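**Q** Sharing a sequence plus its predicted fold:
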Amino acid sequence: MFYTPDQGHGLPHNPFNAIVAPRPIGWISSRGADGQDNLAPYSFFNAVAYVPPQVMFSSTSAKPDRDGTKDSVANIRDTGVFCVNILGEDLQDAMNQTSGPWGREVDEFTDAGLEKAECETIACSRVEAAPAALECKLTQIVTLPGEANFVVFGEVTGVHMRDDCLTDGLFDPSKYRPLARMGYQDYTVVRETFTLKRPE
């Protein structure tokens with residue numbers, strides 16, 4: 001099968017996000033200028049640089065009360081900071097609850113029964129139970145072609161890691177089993193890893 005996106009695929013559901021998979025999920029916490037906390041998952045997310053450490057996520061839809069975008073991007077535009085909470089398998093139900101189309105007045109931490117912790121380098125809440133969290137200062141927001149497509153880049157200014165996720169000085173995915181997005185409504189959990197040495 002071959003198709004061009006401008007002509008359509010003719011399938012029951014768009015295969016694009018199932019082809020680019022699995023994708024790590026950035027569970028983005030932000031705080032509005034009014035002090036209202038927000039938490040939402042984004043599967044267009046990744047690390048993009050080592051020095052200084054930088055991450056990105058993209059938002060691809062909008063809410064009627066947020067001027068062409070969603071709560072996360074609107075908050076980050078206003079305050080210039082956000083936090084990426086890393087997801088483990090045990091947090092999948094809470095993550096799914098925070099993905100709903102809730103009004104800007106809803107605190108997703110409270111709605112999903114999650115305990116908050118305050119960040120150290122930025123004015124933002126983070127998920128206390130997350131295996132790791134990356135505190136970020138906004139570097140730029142890039143507008144992509146299409147409606148409501150924005151990529152948010154941030155420099156990591158603080159890193160939290162749960163002590164029980166460290167093994168012999170290494171951050172150990174087997175301790176929390178990362179949750180990743182497949183296509184459609186599907187997810188996967190990383191339960192096995194292997195090592196490959198690069199050629200010298």
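**A** Perfect, thanks for sending it.

**Q** what's in contact with the lowest-mean-pLDDT helix or strand in the chain?
**A** Least confident helix or strand of the chain, by mean pLDDT, DSSP states H and E, is helix 16-19 with a mean of 93. With contact meaning CB atoms under 8 Å, 6 or more residues apart in numbering, helix 16-19 is reached by P5, R23, S43, R181, M182, G183, Y184, D186. C-beta here means a position set from N, CA and C on the backbone, and glycine is covered the same way.

**Q** What of stretch 175-189?
**A** 13, 15, 17-19, 21-25, 43, 86-92, 95, 131, 162, 164-167, 190-191.

**Q** Identify each buried residue in it, please.
**A** Along stretch 175-189, these residues count as buried under the neighbour rule (16 or more other CB atoms under 10 Å): Y176, P178, L179, A180, R181, G183, Y187.

**Q** got it, and stretch 103-112?
**A** Neighbour-count burial for stretch 103-112 [16+ other CB under 10 Å]: V106, E108, F109, A112.

**Q** That one: end-to-end distance?
**A** 14 Å (CA to CA, to the nearest Å).

**Q** Now tell me what touches that stretch from outside.
**A** Contacts for stretch 103-112 (CB under 8 Å, 6+ apart): 29, 32, 36-40, 63, 65-66, 71, 74, 94-95, 97-98, 102, 114-116, 125, 127.

**Q** where's it relative to the chain centroid, distance-wise?
**A** 16 Å (CA atoms, centre = their mean, to the nearest Å).

**Q** which residues in the chain form strands?
**A** 23-24, 26-31, 37-42, 45-49, 54-59, 81-85, 116-118, 125-127, 132-143, 150-161, 166-167, 170-171, 179-181, 187-189 (DSSP state E).

**Q** got JSON lines for those, with distance to T195 and mean pLDDT too?
**A** Listed next are these as JSON lines, based on distance: least, CB to CB, whole Å; pLDDT from 0 to 100:
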{"stretch": "strand 23-24", "distance to T195": "19", "mean pLDDT": "97"}
{"stretch": "strand 26-31", "distance to T195": "25", "mean pLDDT": "98"}
{"stretch": "strand 37-42", "distance to T195": "29", "mean pLDDT": "98"}
{"stretch": "strand 45-49", "distance to T195": "19", "mean pLDDT": "98"}
{"stretch": "strand 54-59", "distance to T195": "24", "mean pLDDT": "98"}
{"stretch": "strand 81-85", "distance to T195": "26", "mean pLDDT": "98"}
{"stretch": "strand 116-118", "distance to T195": "33", "mean pLDDT": "98"}
{"stretch": "strand 125-127", "distance to T195": "29", "mean pLDDT": "98"}
{"stretch": "strand 132-143", "distance to T195": "21", "mean pLDDT": "98"}
{"stretch": "strand 150-161", "distance to T195": "21", "mean pLDDT": "98"}
{"stretch": "strand 166-167", "distance to T195": "14", "mean pLDDT": "98"}
{"stretch": "strand 170-171", "distance to T195": "12", "mean pLDDT": "96"}
{"stretch": "strand 179-181", "distance to T195": "19", "mean pLDDT": "97"}
{"stretch": "strand 187-189", "distance to T195": "20", "mean pLDDT": "97"}
